[in-house]
Each structure stands twice: as structure tokens, then as C-alpha cells.
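**Student:** quick one, what's the 3D model for this:
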Amino acid sequence: MIDERFKVLDGWRAISILAVLACHLLPLGPKAIQLNYDAGLFGMSLFFTLSGFLVTRLLLHRDDVVDFLIRRFFRILPLAWLYMVITLWLFSADISGWLAHLFFYANYPPKPLLPHVTDHLWSLCVEIHFYIGIAILVALFKKRGLLLIPFICLAVTALRVSQDAHVSVITHLRIDEILVGGVLALIYERKLGESIFNFVRKQNFLLMLVLLIISCHPRGEALMYLRPYFAALLIGTTLLNPETKVSQLLNHKVLFYIASISYALYIIHPLLASTWLGSGEGWDKYMKRPLLFTVLFFLAHVSTFYFEKRCIAFGKNLSNFISVRFNREQ
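**Tutor:** Prediction:
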């Protein structure tokens, strides 16, 4: 069923945002061992894989491109644009910066992302490009076009290898992390055969976790090219084995709540960290972290349930209205 909710994926979404917040806001060890870098890549790899999985599975069951784009954009754009307007105004961005942010191409050179306050929005650029790209794919080839995802994913990884791009914020050198989630959706729906389904289901959770952590570290070298695939296999081991203890732990209600406000947490936290709450040096700065996290979670809660929820509902109603209007004209 398309309305089926994957609680285990909510658990992974919560872990992904907690890893990113830890990367940006906490010291995870001596700088020399680069654990903050590792945590950031780890969290984003999980997030992108989840996005690719959910979007691809949605389109496998309902290939209404207009409905998909309207609902996705009303889910993503209102808070993103509100954050951009406030931040770009506060930091006096120039017109080229405004355009690059608002139209989501700021992750391409000259990359006018503002250090510490909008440089995390590169990921939204990649997401939006994915939405548009997969919508075009489905518009041209219907659901069967989604079967091209594995080939496109491998092509992007090959391009990364050819350009020695272990990590990049540029869409065509990063989007395999989202596309691999689409591959996982095809596997879950058994579109790629039973043998591949069983292969993913039989993978060892701890081994995939270790491999993903290594592939997220700068010293992972060549393994960094395989980071998207380790992330998909890690999530796949829990998705295809819902009875395991790990999968059951991922169903915890606390993780579900964190997942529900994760988008707002991600968008809001850099600007909040640029205020007095994130100022200072050493222990002076980190003594304020409990207060910063309290305010962050409060604002994310308000944003999710009193702003974003209404925008999502409006987008859903708009899509339904357009659908009814189109059907009448037919």
C-alpha cells in the first residue's frame, strides 16, 4: 500500500538529523581524527537514501507528476524560502546570491552560499534537482522510466570516480546518494528480481554500519565512492528485516518525533547557531549548547506543526483541485 508508513525509516531519519546536528554543533573528538566530518557525511548519506527511496516508491505506485511536484514543493519550499529571505536579508546578500538561493542552483560555481548560515542549503539544491529530474523521467517514460535509476546511479558514481570526487556538493557528483535510495525502492518492490531482494535482506547490519562509517571518513579513500551503496544496504537490512531488534529500536516514539520535526531542525539550526546562543569560544560556547538545543527544538516544533503542516495541507488541496478540474475537462 502506498499509504504504508515505514516506522523504521522514521528511526533512520531521526538518526540522520542527529548526526548532522552533532557534526555542526558539537565537538565529537580531537579535530585530528575528523569525527565531525564523518558524522556529517554519515547523516547526509542516510537522509539522501531515505529521500530517494520514498520518492521512487511513491512514483512507482502513482505516476502523477503534477501531483508529485505540487506536494513536494509545498513540503520543501515554504520553510526554505522563508529561511532564505530572513538570512539573505540579515547578511546583505547581493542579487546574484538571492537568485542562486531562491532558484536552487547555489551549489554550483561560484557557489554564493553564505558561510555558516546557508552553506547547508546545498543539499536542498540537490534534492530539488532530483525532484525535477525524476519527474521528467516519469513524464517521458511513465513508471517504466524508474527502471533506469540503477543505470543512472552507476553512471554518476563512475563520473565521481573519473573526477576523483570523494565528496562534492555539486548535484551531478552527489546525486548517486539519492538515486541509490531509488534503487532500494525498486528492490523493495521486487522490480529488480527476487535474488537482489534476498541479497540485501541477508546483509549483516553491523558490517554495513562499519563500512558506511569508514566510507564517510576522509581516510576511507576509494571506499568513499561506495558510500551511497553502503547507506542503502544498511537501511535495507532493517527495512527488509522488520522483526530484528535493531528494526524494533528504530521504531521508538522518541525517534518518530525527532523525525517528524527533522526538516525544520535542519533548515533552522545554522542561523540560530550564528546568534548569541552559538557565540563564544571553547567551554563558553558549549555551555550554551543545552539552551541552543532547547530553543532549536521548540522552534522546529512550532514550524512543523503550525507552519509547514498548513503549507502541506494547502499543497494537497491545490493538487486535488487541479486533478478534479483536469478530470472534468477530460
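**Student:** now do the helices in the stretch 151-300 of the chain.
**Tutor:** With helices called from DSSP state H, counting those that start in this stretch, the stretch 151-300 of the chain shows them at 176-188, 194-201, 205-215, 227-239, 245-249, 253-260, 262-273, 283-286, 289-302.
**Student:** would you turn these into CSV with distance to Asn320, mean pLDDT and mean neighbour count?
**Tutor:** Backbone N, C-alpha and C define where each C-beta goes, glycine included. Shown next, in CSV, are those (distance: least, Cβ to Cβ, whole Å; pLDDT from 0 to 100; neighbours: other Cβ atoms under 10 Å):
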stretch, distance to Asn320, mean pLDDT, mean neighbour count
helix 176-188, 25, 98, 26
helix 194-201, 34, 97, 14
helix 205-215, 39, 98, 18
helix 227-239, 30, 98, 26
helix 245-249, 34, 94, 13
helix 253-260, 23, 97, 16
helix 262-273, 23, 98, 21
helix 283-286, 48, 88, 12
helix 289-302, 27, 97, 15
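**Student:** including distance to Val66, could the ones you listed go into TSV?
**Tutor:** Compiled in TSV, the helices of the stretch 151-300 of the chain are given as follows (distance: least, Cβ to Cβ, whole Å):
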stretch	distance to Val66
helix 176-188	20
helix 194-201	31
helix 205-215	36
helix 227-239	29
helix 245-249	35
helix 253-260	26
helix 262-273	23
helix 283-286	47
helix 289-302	30
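**Student:** of the ones you listed, which is nearest Ala14?
**Tutor:** Put simply, out of the helices of the stretch 151-300 of the chain the one that sits nearest Ala14 is helix 253-260, at 3.9 Å, with distance taken as Cβ to Cβ.
**Student:** low-confidence ranges in the stretch 1-150 of the chain?
**Tutor:** For the stretch 1-150 of the chain, applying pLDDT under 70 flags the ranges 1-4.
**Student:** quick one: the helices in it, in order.
**Tutor:** In order along the chain, the stretch 1-150 of the chain carries the following helices (DSSP H, counting those that start in this stretch): 7-25, 35-61, 65-90, 95-102, 122-141, 149-162.
**Student:** most tightly surrounded among these?
**Tutor:** Ranked by average neighbour count under the criterion mean count of other Cβ atoms under 10 Å, these are headed by helix 35-61 at a mean of 23.
**Student:** kindly calculate the angle that that one makes with helix 176-188.
**Tutor:** Here helix 35-61 runs at an angle of 50 degrees relative to helix 176-188 (axes from the mean of the first three to the mean of the last three Cα atoms, to 10 degrees).
**Student:** okay, now Pro109: neighbour count?
**Tutor:** With neighbours defined by other Cβ atoms under 10 Å, the count for Pro109 comes to 7.
**Student:** so it versus His269, what's the distance?
**Tutor:** For Pro109, the distance to His269 equals 26 Å [Cβ to Cβ, to the nearest Å].
**Student:** what's the answer for Ile70, then?
**Tutor:** Where His269 is concerned, Ile70 sits at a distance of 28 Å (Cβ to Cβ).
**Student:** same check on Thr275?
**Tutor:** According to Cβ to Cβ, Thr275 and His269 sit 11 Å apart.
**Student:** quick one: closest of the helices of the stretch 151-300 of the chain to Phe314.
**Tutor:** Put simply, out of those the one that sits nearest Phe314 is helix 262-273, at 16.5 Å, with distance taken as Cβ to Cβ.
**Student:** by contact count, what packs against the closest one?
**Tutor:** helix 7-25, helix 65-90, helix 289-302 (3 or more Cβ pairs under 8 Å, 6 or more residues apart in numbering; DSSP states H and E).
**Student:** that one to helix 289-302, inter-axis angle?
**Tutor:** Relative orientation of helix 262-273 versus helix 289-302 (the same axes, to 10 degrees): 130 degrees.
**Student:** how close does Arg201 sit to Ser247?
**Tutor:** Here the criterion is Cβ to Cβ. By it, Arg201 lies 12 Å from Ser247.
**Student:** re earlier: Leu54 is nearest to which of the helices of the stretch 151-300 of the chain?
**Tutor:** Taking those one by one with Cβ to Cβ, helix 176-188 is closest: 7.6 Å.
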